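Undergrad: what's the 3D shape of this:
(chains A and B)
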Protein chains: 2
Amino acid sequence: MLALMLRSAYHAPNQREGSALADHMTDNLGPQPEIVLVRPQMGENIGAAARAMLNFGLERMRIIAPRDGWPNQSAVAMASGAGRVLDGAGVYDTLADGIGDCDYVYATTARSRDLAKPILSPERAMAEARAMRAEGKKVAILFGPERTGLENGEVARANAIISVPVNPGFASLNLAQCVLLTAYEWRRQTTEFQHEVMEWAGSERAPSIEVEKLAEHYEARLDEAGFFYPPTKAPVMKTTLRNMWSRMPMTRADVQIFHGILRQLLRGKQG
Amino acid sequence: MLALMLRSAYHAPNQREGSALADHMTDNLGPQPEIVLVRPQMGENIGAAARAMLNFGLERMRIIAPRDGWPNQSAVAMASGAGRVLDGAGVYDTLADGIGDCDYVYATTARSRDLAKPILSPERAMAEARAMRAEGKKVAILFGPERTGLENGEVARANAIISVPVNPGFASLNLAQCVLLTAYEWRRQTTEFQHEVMEWAGSERAPSIEVEKLAEHYEARLDEAGFFYPPTKAPVMKTTLRNMWSRMPMTRADVQIFHGILRQLLRGKQG
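TA: Numbering: from 1, shown residues only, chains lettered A, B, ... in the order given. Below you'll find the model as predicted:
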């Protein structure tokens, strides 16, 4: 019965049922981050990532547009005793769908990017993440495809970057190892962590979905206004702008102000 | 010439020459622990362990009685770019030979043992190990065969046990993953780790005067556009907006983007 429920969840377009089940199963493990595999390529690596997670008690997996579809028998075979992580994984078509309910997003990347984005060690990031989870905020950690890593447009959607401080002369961590080190750091800080106090001037931090909508609003109106010029530079300009929105620690009130600014500027010039 | 020297080292009975060469090669990396693989079974796992080490700048490997002999082509193939770790590895027939020159020995084990032996987390053990290495003491960390782990008699030879605090309900770390976590912990406690790097993509934080001019630009144009409405609320709205600009950690590039957004929105609506 449960197996049937899970399989039907995989066929639903938005495919959030998997995550809801994971909610139910993992509530008693304490607050956890969402481990998000973005466009993972090989099933074996997804299964290995599930094992890596479960070694440190993490079970909340999300998968965005897996290359070979879902479910994936190679993943199941590799996951072996960690199969329940796959069973409870939410599967999504797009990154926006996959992290739409998250309040804070980290992107793990090894290669340096030409993006202005805070870069944290796993240690520091997991300390922050624990504090946020303790406040009931949903935290996602993105891991990119094995060969290419996350695209700049995907990194731009994150609030901060996690970079494992590997040997510059030899950096060869695979997907499961990145997930392992992240999960290890999460769990290592179990008994004590430094609660980081974030001042929000009396207003809570805007959830990712609101920042996303703000970014879309500006991109659409600026596109109409001819801001992204010349056309050859438009993609980079859009990514830079998207990155900027995610980098700003905005309150919900700030988001409303920015929406209002845009609307009024357009309205004010109509007369 | 160097390659020939290394191969002859492998045929010497005591086989310490490999370690001496590793001494020479790694002295400039700072003091390091000896990563000791005890009776490793598969060449691929030895190669994977070499890669795991080198990710965190560790190169001092010792191998005790490898099941399939030495050298091992599977190990070489798997090690790939980390081949020099294998090249410099000391190979020994017995554990006693392999750690005879060490001052302190840790044994990594997952299964609990009926041995009265201090059990440390990798974090605590590496902190101790770093302090000992700083005093010039040689520290060895033992990793047992993949399937069975270290024998009690081997654990008994150690001064302390390292146990990675894995999920009791699912503990499946493989050899390379154990080595990886240990190497990561060693390196994490180095001062060179930059825990948080704010990359501004070559663009520095905007000086206050630029933020001030940005604020004035927006206030002036928004005033003309009728944004501060009704008039009774205008002073508070202006202060709120001015406060928001100062709160955002903006780069000089961000300031230019915001100026550009404002100009283009106004220009775009004129047509």
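Undergrad: okay, CA-based contacts and neighbour counts for the rest of this
TA: Fine.
Undergrad: which parts of the stretch 101-250 of chain A are helices?
TA: Along the stretch 101-250 of chain A, counting by DSSP state H, counting those that start in this stretch, helices occupy A:122-134, A:152-156, A:175-188, A:208-224, A:234-247.
Undergrad: deepest-packed of the ones you listed, please.
TA: Across the helices of the stretch 101-250 of chain A, averaging neighbours per residue (mean count of other C-alpha atoms under 10 Å in any protein chain shown) puts helix A:175-188 on top, at a mean of 23.
Undergrad: now the helices of the stretch 101-250 of chain A in JSON lines, with distance to B:G268 and mean pLDDT?
TA: Shown next, in JSON lines, are the helices of the stretch 101-250 of chain A (distance: least, C-alpha to C-alpha, whole Å; pLDDT from 0 to 100):
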{"stretch": "helix A:122-134", "distance to B:G268": "41", "mean pLDDT": "93"}
{"stretch": "helix A:152-156", "distance to B:G268": "26", "mean pLDDT": "90"}
{"stretch": "helix A:175-188", "distance to B:G268": "46", "mean pLDDT": "96"}
{"stretch": "helix A:208-224", "distance to B:G268": "8", "mean pLDDT": "92"}
{"stretch": "helix A:234-247", "distance to B:G268": "16", "mean pLDDT": "88"}
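Undergrad: run the chain-centre distance for stretch A:114-125.
TA: With C-alpha atoms, centre = their mean, to the nearest Å as the basis, stretch A:114-125 stands 14 Å off its chain's centre.
Undergrad: what's the end-to-end length of it?
TA: 20 Å (C-alpha to C-alpha, to the nearest Å).
Undergrad: show me the contacts for A:I141.
TA: By C-alpha atoms under 8 Å, 6 or more residues apart in numbering or on different chains, the residues touching A:I141 are A:P33, A:E34, A:I35, A:V36, A:V105, A:Y106, A:A107, A:T108.
Undergrad: wait, which of the helices of the stretch 101-250 of chain A is closest to B:G69?
TA: In terms of C-alpha to C-alpha, the element of these nearest to B:G69 is helix A:175-188, at 27.6 Å.
Undergrad: and the helices of the stretch 101-250 of chain A as a markdown table, adding distance to B:I141?
TA: Below are the helices of the stretch 101-250 of chain A laid out as a markdown table (distance: least, C-alpha to C-alpha, whole Å):
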| stretch | distance to B:I141 |
| --- | --- |
| helix A:122-134 | 23 |
| helix A:152-156 | 38 |
| helix A:175-188 | 19 |
| helix A:208-224 | 44 |
| helix A:234-247 | 42 |
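Undergrad: mind showing which ranges of the stretch 51-200 of chain A have poor pLDDT?
TA: Applying pLDDT under 70 to the stretch 51-200 of chain A picks out residues A:112, A:190-200.
Undergrad: A:T182 contacts A:P122, correct?
TA: Yes: under the criterion of C-alpha atoms under 8 Å, A:T182 makes contact with A:P122 at 6.0 Å.
Undergrad: before we move on, the earlier item: reformat the helices of the stretch 101-250 of chain A as TSV; add distance to chain B.
TA: TSV is the format used below for the helices of the stretch 101-250 of chain A (distance: least, C-alpha to the nearest C-alpha, whole Å):
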stretch	distance to chain B
helix A:122-134	6
helix A:152-156	13
helix A:175-188	7
helix A:208-224	7
helix A:234-247	7
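Undergrad: thinking again about what came up before, among the contacts of A:I141, which are located in strands?
TA: Among these, the members falling in strands are A:E34, A:I35, A:V36, A:V105, A:Y106, A:A107, A:T108 (criterion: DSSP state E).
Undergrad: what about A:D114, distance to A:Q177?
TA: 25 Å.
Undergrad: cool, A:A215 as well?
TA: 33 Å.
Undergrad: list the contacts of A:T239.
TA: A:N152, A:G153, A:A156.
Undergrad: got the domain ranges for chain A?
TA: A:2-188, A:208-270 (automatic domain parsing).
Undergrad: burial-wise, tell me which of those domains comes out on top.
TA: Mean neighbour count (mean count of other C-alpha under 10 Å) peaks for domain A:2-188 among the domains of chain A, with a mean of 20.
Undergrad: and A:R113, how far from A:M250?
TA: Taking C-alpha to C-alpha, one finds A:R113 at 23 Å from A:M250.
Undergrad: ok, A:A160 touching A:T109?
TA: No: applying C-alpha under 8 Å as the test, A:A160 and A:T109 come out as separate, 10.4 Å apart.
Undergrad: still on that earlier bit, need the overlap of contacts for A:T182 and A:P122.
TA: With C-alpha under 8 Å, 6+ apart, A:T182 and A:P122 have no common neighbours.
Undergrad: quick revisit: can you add distance to B:G260 and give the ones in strands among the contacts of A:I141 back as TSV?
TA: Output for the ones in strands among the contacts of A:I141, formatted as TSV (distance: C-alpha to C-alpha, whole Å):
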residue	distance to B:G260
A:E34	37
A:I35	37
A:V36	35
A:V105	28
A:Y106	29
A:A107	28
A:T108	31
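Undergrad: ok, these vs A:F258, which is closest?
TA: Nearest to A:F258 out of the ones in strands among the contacts of A:I141 is A:V105 (C-alpha to C-alpha; 21.2 Å).
Undergrad: hmm, A:A156 and that closest one touching each other?
TA: No: using C-alpha under 8 Å, A:V105 is not in contact with A:A156; the gap is 10.3 Å.
Undergrad: what does the stretch 51-200 of chain A put close to chain B?
TA: Residues of the stretch 51-200 of chain A lying near chain B by C-alpha under 8 Å from any C-alpha of the partner chain: A:51-52, A:54-57, A:81-82, A:114-121, A:123-124, A:165-167, A:170-173, A:177, A:181, A:188.
Undergrad: quick one on the thing from earlier: I'd like the contacts of A:I141 written out as TSV, with distance to A:Y229 added.
TA: Putting those into TSV (distance: C-alpha to C-alpha, whole Å) gives the following:
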residue	distance to A:Y229
A:P33	39
A:E34	37
A:I35	37
A:V36	34
A:V105	30
A:Y106	30
A:A107	28
A:T108	31
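Undergrad: between the residues you listed, which is nearest B:S246?
TA: Nearest member of the contacts of A:I141 to B:S246, counting by C-alpha to C-alpha, is A:V105, at 23.9 Å.
Undergrad: quick check: bridge partners of the closest one?
TA: Beta bridges link A:V105 to A:A140, judged by DSSP bridges.
Undergrad: residues touching it, list them.
TA: Residues in contact with A:V105 (C-alpha under 8 Å, 6+ apart) are A:I99, A:V139, A:A140, A:I141, A:L142, A:R157, A:A158, A:N159, A:A160, A:S208.
Undergrad: now swap in A:M126 and tell me
TA: A:M126 touches A:T182, A:E185, A:W186, A:Q189, counting by C-alpha under 8 Å, 6+ apart.
Undergrad: and with 10 Å instead?
TA: The contact partners of A:M126, taken as C-alpha atoms under 10 Å, 6 or more residues apart in numbering or on different chains, are A:33, A:106, A:120, A:132, A:141, A:162, A:182-189, A:193.
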